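Visitor: based on what follows, work out the 3D shape:
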Amino acid sequence: MATPEFERNRLSPATLLALIDAQRDLARIGPDFTAVMDMASAEAARLTGAEGAVIELLEGEEIVYRAACGLAEPQLGLRMAVKGSLSGLCLTSKSAAICHDSEEDARVNVAACRRVGLRSMVIVPLLFGEHAAGVLKLLWSAPRPFDQDEAAIARILADMIAALMHHAALQGEDQLRRQVTRDAASGAANRSFLYEQLRARLDEAEKKSGHVGIMLMRIDGLDRGTRERLGNEFPQMLAEIVRRLSAECRPSDVIGRIGLNEFAVIFSVAGRRSVVQSQVTRIGQMIASRPLLLQQKLSFDLSLNFGHALYPEDGTGLMEFMGSAQAALAACPDQERRDLSLRPDALRALS
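Guide: Prediction:
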């Protein structure tokens, strides 16, 4: 049970309407639990004025950051032990926790809070009946009195998230695991799982003085009007792109969808920059080598842009490393861009 400090106050009509809108928007997303978690964390931050929000899910003896925004985004994909953390205390006690000032709270790891610029937080459990599956955590960079219904709002949002998770869990633990680590539209790893794998690869490379390579690919031309015209064929198009990526990648490579129109590949072989560059070039050529076929009578071209980074040359921390890859993507030269054609499937049209 929650402590008296967390008893729900009477929320204003405007806040209640905003929560109803958030619940409606989350329900509209459907079975794409990655999108649900991303929207839920963003809405939690927006409705409470938090500088960051994170959804941490329990996996064995560890908690994994599965969705994050704002101040928490650099920690996406992070794994940490349940024992010894305030989130872990919230999970084991199945009750909410509040930290007004991390510098004066004996329950928190002060050094860890300082590293991420965290000073105050609200943490509420995601409960399936008596089972705690994770937590919703709201973060601020300064001490805070928490007198603006932050805890009450967080609890309501946590209940929404838990209800959606419970529905997924009814299909089995394997299905729930897939929903929280896979992008529903494309079948690729979602952003949090790709970041989790990237953290592990970077840690291993640091210990062994090795290298890690990553490729980013952005698809230009997928504006809202185009996506609406594609309709149900939009996720089919994304899935076909992932199939083409998979055909050119090694089994130990990790393919992820990290944005609406962005994909990433963590290369398992990246001894030097020329090796990474050759893989990027080959992948771009093969993906664009033949048109994507549509059931509809639509014809248009998309532009594929590429960028890459090599560890440790382009950054030693995850965010610095990804920042280098994003900068390379933004500066993609014309000769490295590829045109991907979308055309009607003539055989389907005749059938």
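
Visitor: quick one: the strands in the stretch 151-300 of the chain?
Guide: 212-220, 254-259, 262-267, 292-294, 300-311 (DSSP state E, counting those that start in this stretch).

Visitor: show me what the second one is packed up against.
Guide: By that I understand strand 254-259. If you count contacts as 3 or more Cβ pairs under 8 Å, 6 or more residues apart in numbering; DSSP states H and E, strand 254-259 packs onto helix 191-208, helix 233-248, strand 262-267. Backbone N, C-alpha and C define where each C-beta goes, glycine included.

Visitor: try the fourth one
Guide: In terms of contacts (3+ Cβ pairs under 8 Å, 6+ apart), strand 292-294 is packed against helix 233-248, strand 338-344.

Visitor: rebuild these as JSON lines, extending it with mean neighbour count and distance to F33.
Guide: As requested, these are exported to JSON lines (neighbours: other Cβ atoms under 10 Å; distance: least, Cβ to Cβ, whole Å):
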{"stretch": "helix 233-248", "mean neighbour count": "17", "distance to F33": "15"}
{"stretch": "strand 338-344", "mean neighbour count": "16", "distance to F33": "28"}
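
Visitor: for the lengthiest helix in the chain, which positions count as buried?
Guide: In terms of residue count, the longest helix belonging to the chain (DSSP state H) is helix 150-169. For helix 150-169, burial by neighbour count (16 or more other Cβ atoms under 10 Å) applies to 150-158, 160-162, 164-166, 168-169.

Visitor: stretch 110-121 now?
Guide: By 16+ other Cβ under 10 Å, the buried positions in stretch 110-121 come out as 113, 118-121.

Visitor: got a list of contacts for that stretch?
Guide: Contact with stretch 110-121 is made by 71-72, 74-75, 86, 98-103, 137-144, 146, as judged by Cβ atoms under 8 Å, 6 or more residues apart in numbering.

Visitor: give me that answer again for 10 Å
Guide: Residues outside stretch 110-121 that contact it (Cβ atoms under 10 Å, 6 or more residues apart in numbering): 50-54, 71-72, 74-75, 78, 80, 84-87, 97-105, 108-109, 137-146, 150.

Visitor: gap between it and the chain center?
Guide: Mean-position distance between stretch 110-121 and its chain equals 22 Å (Cα atoms, centre = their mean, to the nearest Å).

Visitor: for stretch 57-74, same thing?
Guide: Relative to the chain's own centre, stretch 57-74 is displaced by 9 Å; criterion: Cα atoms, centre = their mean.
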